[in-house]
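Asker: Predicted model, plus sequence, below.
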Amino acid sequence: MNFSKCLLAGVCLAAGLAGRAAHAQGCTSGQDAAVECFVGNAVRTNLVTVQNGMTMSQFKQYGVSVSKIVQAQPTSIEIVGLASAVADALPPTNADGSANTAAQSTAMNAIIDAGIADNFLTLPAETNSQDLKWFSLDLVRAISANNSILLAPGTMLRVIDSYVVSSTTNGVVNWTQANSGVATMMNNLASAGFLKLPPTITLAEATQFAQSLAQVTSAYRVATGRPSL
């Protein structure tokens, strides 16, 4: 996926909600049909290009999925936050500065899988995990290309990874120790009021997700040869 698809997310949402405008362009007034019609028109007018490997039908369906993701809260907000963290803390480069987009993509995909497995992310209707992965990677690459970010949204990933680093001896991670440290951190954040969870997510689930993130950051550092994030 590329940045034009990220832009398409917002445009598809607008198209999906603007039934009258879509109908005026000859599109069915239903929201999903309006999005598909808009995507087709966007491709024909060179506003966006069909992703390599996708048919026009598949690309239209992805447009519908993106519109569902953008409208679904808190999932869309969580995806933006996670993508920002990955773009900041897990760049697509090795320790020596050479390119390694696969490491970043693998990390982002693993985070989405963990988020779904740990009930941190809820799949919106008419979407699947692959749609969330494509959408999050679009955001990661768009954020990485944007030099206006002033804060470091990857701080939490770095804090979580610090427990892995401190629990590593001669390249071997003591995961019992690392997971215990992450659990203590999550409990302390919750007790201090810094971690506010929605009613649908328990502290245990959030802790399990944080421990999954520790596995992701460790695998990313191994893949890129980084001693720390």
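Answerer: Noted; the coordinates are in hand.
Asker: Name the spans of the chain whose pLDDT lies under the cut-off.
Answerer: 1-29, 51-52, 146-151 (pLDDT under 70).
Asker: can you map out the strands along it?
Answerer: 168-169, 172-173 (DSSP state E).
Asker: mind putting the ones you listed in a markdown table, distance to N187 and mean neighbour count included?
Answerer: Heads up, the C-betas are built off the backbone N, CA and C, glycines and all. Output for the strands of the chain, formatted as a markdown table (distance: least, CB to CB, whole Å; neighbours: other CB atoms under 10 Å):
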| stretch | distance to N187 | mean neighbour count |
| --- | --- | --- |
| strand 168-169 | 23 | 13 |
| strand 172-173 | 21 | 13 |
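Asker: For A83, find the nearest of those strands.
Answerer: A83 lies closest to strand 172-173 among the strands of the chain, at 25.8 Å (CB to CB).
Asker: What strands line up against that closest one, and which way round?
Answerer: strand 168-169 (antiparallel) (DSSP bridges).
Asker: Just the residues contacting the strand it pairs with, thanks.
Answerer: Residues from elsewhere that reach strand 168-169 (CB atoms under 8 Å, 6 or more residues apart in numbering): N174.
Asker: hang on, the earlier thing: between the strands of the chain, which one is closest to A183.
Answerer: The nearest among those, by CB to CB, is strand 172-173 at 15.5 Å.
Asker: Could you dump the strands of the chain into a markdown table and include distance to V43?
Answerer: As requested, those are arranged in a markdown table below (distance: least, CB to CB, whole Å):
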| stretch | distance to V43 |
| --- | --- |
| strand 168-169 | 48 |
| strand 172-173 | 47 |
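Asker: Which one, of those, ends up nearest to G115?
Answerer: Of all the strands of the chain, strand 172-173 sits nearest to G115, with 21.6 Å by CB to CB.
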